[in-house]
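*Asks:* Here is a sequence with its predicted model. Questions after.
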Amino acid sequence: MWQAQHAIEQAFDALLEPIGLSAALAGTLTFLAEAPGVSTAELARRAGVTAQSMAYATGRLEQLGLIVRTPHPVHGRIMQLDLTQSGRRALDRASAIIAPAEEALTAELSRAGRRELLDHLAGLRQRARHLRDVAVTTSD
């Protein structure tokens, strides 16, 4: 599983490199587009990565002018993240690159086969999160 995930990420990184993004940065833009105004910590929880990893990704996206941080209207110490217009355009470009790549990866599968693959991957993700939670609970 790790080898397949790593190979896919490397392929996506190579495809996105000409537009100055990586798979991780494009994924962060996608998560932010789905939940505008969230904090870095909340974005990390939604993406299933560490706060440190997300802080690095959001810092890089901010340097690139693809996201902006603004103080939360009630909790001023919390910074909200939003896509800039450049960020929306970058996400559109990344999606236009990744969609055909995903299509190519699953080209040999029927529509039902693709649905089944996605269902299996969702199940794997859920079981992996459960294993993580058990590991965290038992290490306390």
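*Replies:* Cool, the structure landed.
*Asks:* Against residue 26, how distant is residue 32?
*Replies:* Between residue 32 and residue 26 the distance, using Cβ to Cβ, to the nearest Å, works out to 11 Å. Where you see a C-beta, it was placed from the backbone N, CA and C, and this is true even at glycine.
*Asks:* before we move on, what about residue 125?
*Replies:* Using Cβ to Cβ, which is the criterion applied here, residue 125 is 19 Å from residue 26.
*Asks:* now do residue 73
*Replies:* Separation of residue 73 from residue 26 (Cβ to Cβ): 29 Å.
*Asks:* same question, residue 108
*Replies:* If you measure residue 108 against residue 26 using Cβ to Cβ, the figure is 25 Å.
*Asks:* If you count contacts, what does the one helix or strand residue 89 maps to end up packed against?
*Replies:* Under the criterion of DSSP states H and E, residue 89 resides in helix 85-105. With contacts defined as 3 or more Cβ pairs under 8 Å, 6 or more residues apart in numbering; DSSP states H and E, the secondary structure elements packing on helix 85-105 are helix 2-16, helix 23-34.
*Asks:* Figure out which of these is closest to residue 137.
*Replies:* Proximity to residue 137 (Cβ to Cβ) singles out helix 2-16 among those, at 23.8 Å.
*Asks:* Specify the angle between the closest one and helix 23-34 in degrees.
*Replies:* Taking axes from the mean of the first three to the mean of the last three Cα atoms, to 10 degrees, one finds helix 2-16 and helix 23-34 inclined to each other by 80 degrees.
*Asks:* Alright, I will stop here.
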